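*Asks:* quick check, what structure comes out for this input:
(one chain, ligands or ions: 1)
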Amino acid sequence: MRQADIPFTEQMIPFDSFDESSSFKKTISALNPVGKVPVLVEDDLVIWDTLAIAEYLAEQFPNKTLWPQDRKARAHARSICAEMHSGFTALRSAFPMNIEAHLPTIGALVLRDRADVRRDLTRIESLFTELLNKHQGPCLFGDFSIADAYFAPVCMRIETYALPVNPVVQNYISHLRALPGIAKWIEEAKAEKQFLAFEEPYRVAR
Ligand SMILES: N[C@@H](CCC(=O)N[C@@H](CS)C(=O)NCC(=O)O)C(=O)O
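*Replies:* This next block holds a predicted model:
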């Protein structure tokens, strides 16, 4: 929403734990029956789940062209978002998103030992490379779209764990990081300076 200049106010609900008795669960459950973030609230309308939020925004702001304009590209973009939504579980669980951390040794060890994580990374690298070559960048479908927002967290994981990717993908990640909406997101994440032990499989302190 920030990258597309759609006005909103953010209410951060800090994670203490995901136990039912946690302050996070109590706060979020009052808003969203699923008890997870993100949630978009507009007057009496509550929309949860990233895919539902993305579709709602694309419908509400057609002139922001949040999905690619070309019908076939749009279908392709929806396919890769759905693939991310329900897939890449090995990579996502082995490499939790942690923007402030720098864990290259963990990255190398996990890739050495886990074929399922290597498979996920290979798939991401090849889908990025194919799209960037086809649409000539700078984003996956040319201009910034929901697909880039959807894959930004995985790009952050590639950086945190220093995962090896080809130069085309590396350039794309650098471009993405520099976009104002993404740069602000990274800046705000770094400013949090929180250490959540239950979300940190690899560190004992910041
Ligand atoms: N499929 C959901 C996933 C949402 C999700 O798992 N959110 C995490 C934070 S990134 C959460 O709220 N977890 C709380 C929990 O698992 O109880 C989406 O994409 O919106």
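*Asks:* centre-most residue in the chain?
*Replies:* The residue lying closest to the centre of the chain (CA atoms, centre = their mean) is residue 153, at 2.8 Å.
*Asks:* can you tell me how far it sits from residue 22?
*Replies:* 22 Å (CB to CB, to the nearest Å). To be clear about C-beta, it is placed using only N, CA and C from the backbone, and glycine gets the same treatment.
*Asks:* for residue 182, same thing?
*Replies:* Distance, residue 182 to residue 22, by CB to CB: 29 Å.
*Asks:* the more surrounded of the two?
*Replies:* Taking neighbours as other CB atoms under 10 Å, residue 182 and residue 22 compare with residue 182 leading, 20 against 17.
*Asks:* quick one: that one and residue 139 touch, right?
*Replies:* No: assessed by CB atoms under 8 Å, residue 182 is found out of contact with residue 139, at 10.8 Å.
*Asks:* now do the shared contacts for those two.
*Replies:* Shared contacts of residue 182 and residue 139, defined by CB atoms under 8 Å, 6 or more residues apart in numbering, comprise residue 176.
*Asks:* let me see the ranges of the helices in this protein.
*Replies:* For the chain, the helices defined by DSSP state H cover 23-31, 50-60, 71-86, 89-94, 104-113, 115-135, 146-160, 167-178, 180-192.
*Asks:* can you give me how far stretch 97-111 is from the chain middle?
*Replies:* Counting by CA atoms, centre = their mean, to the nearest Å, stretch 97-111 is centred 16 Å from the centre of its parent chain.
*Asks:* can you list contacts of it?
*Replies:* So stretch 97-111 is in contact with 94-95, 117-118, 121, 153, 156-157, 160-164, 186, 189-190, 192-193, 199-200, 202-203, 206, going by CB under 8 Å, 6+ apart.
*Asks:* so which bits of that stretch are buried?
*Replies:* Of the residues in stretch 97-111, 98, 99, 103, 106, 107, 110, 111 count as buried by neighbour count, 16 or more other CB atoms under 10 Å.
*Asks:* what are the C-alpha coordinates of it, in CSV please?
*Replies:* Only the C-alpha atoms of stretch 97-111 are listed here, as CSV (Å, rounded to 0.1, in the frame of the first residue of the first chain):
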residue,chain,number,x,y,z
MET,A,97,12.3,-13.6,8.0
ASN,A,98,14.6,-11.4,10.1
ILE,A,99,15.5,-8.2,8.4
GLU,A,100,18.0,-7.0,11.0
ALA,A,101,20.0,-10.2,11.2
HIS,A,102,22.9,-11.3,9.1
LEU,A,103,23.3,-15.1,9.2
PRO,A,104,25.4,-16.3,6.2
THR,A,105,26.9,-19.3,8.0
ILE,A,106,23.4,-20.6,8.9
GLY,A,107,22.4,-20.0,5.3
ALA,A,108,25.3,-22.1,4.0
LEU,A,109,24.8,-24.9,6.5
VAL,A,110,21.1,-25.2,5.9
LEU,A,111,21.6,-25.3,2.1
